[in-house]
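J.: Output the structure for:
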Amino acid sequence: MAEILSQSEIDSLLSALSSGELTPDKPASSGATLHSAVEAADDGIKRTIKVYDFKRQNKFSKDHIRTLSMIHEAFSRILSTTLSGQLRMLVQVEVVSVEQLTFDEYSRSLPSPTILNVFSMEPLVGTALFEVNIDLTSAIIDRMLGGPGRVTRIRRDLTDIERTLISSVTMRILAALSEAWQNVTNFSPKLETLEMNPRFIQIVPPSDPIVLITFEAKFGENTGPLSLCIPYIMLEPIMGKISAQAMFATARQSQSESHRVGLKDRVVATQVAVQVVLGESVVSVEDVLSLGVGDVLTLDAAVGDDLAVLVGERRKFRGRPGTVRNKLAVQISAIVDDNEGEEQ
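T.: Numbers count the residues shown, from 1 in each chain. Next up, the predicted model:
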């Protein structure tokens, strides 16, 4: 019976033929000759074998992963500021990792219970998932209800009040996410549902690839993980924009005339405090302690002198006091040059 060759022997034989160590004129007539050819091929050729998993195809290149990491580092900075203001204490959020997984691998890694926020990113099609550790959630709820931010072991369903509080935090998180992505694409995030059991969430088929961004949040004495899961099918229409070069090009294009006009309008509409200083005087603490009703302090300005007009903490104008429609007013008489300290 003819000898059946294994796949490795066939591969080695083909390699030997390609390298010239074995020619068709000298066929391997025996097992010994074949094995010697295989050994020669193994000794003379160094091959690098790369394992490829057909169940887990690489949809995100290194450039995609690098760009996604940059986007979500910006998101973590915005989120740190947002949560610090909402919780009235210092919050630090940092990116831990950015990687590609299948949705099944991700869902199996989730603890139960945990807070799973399913949201849409219109006009992108589909839904994504933002997960918050249950202990971190309990500390956030405690802080928002006036407590110090203490962790309580929640092993039950959230009450309506707790769901409302967490939903308000989630909406701020999604707004920060939209802001971080604006150099790539504009989308309007919308919270679709909130679940606590990973088995009840199926945003894509189990074998579909997703990008998983893992964060670590710290506030007070509490530290906990956050994770963002975005399916590949959701990002597929904008994959060409998810690169450092495309993102920076979009950022440069956004500096258009309309952008500058809009920025100028927002700056012009900003409100600032304006103060008018009637005068100043230096007195001792003893004089202050002895002041009573009817006492008079002499200021360093004469009645007819122009008064200093401060914008914020800077002296910008000089003016004369008066009244308009029974209200105190000041008439600008001179503009103070900040650079030279002179009046114009």
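J.: need the strands for the stretch 101-250 of the chain, in chain order.
T.: Assigned by DSSP state E, counting those that start in this stretch, the stretch 101-250 of the chain shows strands spanning 115-122, 124-132, 188-195, 209-219, 222-231.
J.: Which positions in the fourth one come out as buried?
T.: By 16 or more other CB atoms under 10 Å, the buried positions in strand 209-219 come out as 209, 210, 211, 212, 213, 214, 215, 216, 217, 219. No exception for glycine: its C-beta is placed from N, CA and C like everyone else's.
J.: ditto for the second one
T.: When burial is assessed from 16+ other CB under 10 Å, strand 124-132 yields the following buried residues: 124, 127, 128, 129, 130, 131, 132.
J.: which residue sits closest to the fifth one, ignoring its sequence neighbours?
T.: Beyond its immediate neighbours in the sequence, the residue positioned closest to residue 130 (CB to CB, 6 or more residues apart in numbering) is residue 117, lying 4.5 Å away.
J.: wait, doesn't the one you found sit right on residue 171?
T.: No. Taking contacts as CB atoms under 8 Å, residue 117 lies outside contact range of residue 171: 9.5 Å.
J.: Mutual contacts of those two, please.
T.: residue 191 (CB atoms under 8 Å, 6 or more residues apart in numbering).
J.: the more surrounded of these two?
T.: residue 117 (22 against 15; other CB atoms under 10 Å).
J.: Of all the strands of the stretch 101-250 of the chain, which one comes closest to residue 324?
T.: Distance to residue 324, taken as CB to CB, is lowest for strand 188-195 among the strands of the stretch 101-250 of the chain, at 46.2 Å.
J.: Output the contacting helices and strands for that closest one.
T.: Judged by 3 or more CB pairs under 8 Å, 6 or more residues apart in numbering; DSSP states H and E, strand 188-195 is in contact with strand 115-122, helix 160-180.
J.: Let me have the ones you listed in CSV, extended by distance to residue 92 and mean pLDDT.
T.: Output for the helices and strands packed on strand 188-195, formatted as CSV (distance: least, CB to CB, whole Å; pLDDT from 0 to 100):
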stretch, distance to residue 92, mean pLDDT
strand 115-122, 20, 94
helix 160-180, 14, 92
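J.: Residue 309: which element?
T.: In the assignment (DSSP states H and E), residue 309 maps to strand 307-311.
J.: So which other helices or strands are in contact with that strand?
T.: Looks like strand 307-311 contacts strand 274-277, strand 314-324, strand 327-335 (3+ CB pairs under 8 Å, 6+ apart).
J.: would you list the ones you listed in a markdown table and tack on mean pLDDT, mean neighbour count and distance to residue 223?
T.: Formatted as a markdown table, the helices and strands packed on strand 307-311 follow (pLDDT from 0 to 100; neighbours: other CB atoms under 10 Å; distance: least, CB to CB, whole Å):
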| stretch | mean pLDDT | mean neighbour count | distance to residue 223 |
| --- | --- | --- | --- |
| strand 274-277 | 86 | 13 | 45 |
| strand 314-324 | 87 | 13 | 43 |
| strand 327-335 | 88 | 12 | 54 |
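J.: out of the ones you listed, nearest to residue 67?
T.: Among the helices and strands packed on strand 307-311, strand 314-324 comes nearest to residue 67, with 42.0 Å by CB to CB.
J.: so that closest one versus strand 327-335, what angle?
T.: Put simply, strand 314-324 runs at 140 degrees to strand 327-335, going by axes from the mean of the first three to the mean of the last three CA atoms, to 10 degrees.
J.: Just give me the residue right at the centre of this protein.
T.: residue 75 (1.1 Å; CA atoms, centre = their mean).
J.: The residue nearest to residue 130: what's it in contact with?
T.: 129, 130, 131, 132, 170, 173, 191, 193, 194.
J.: farthest pair in the residues you listed?
T.: Spatial extent of those (CB to CB) is set by the pair 173 and 193 at 15.2 Å.
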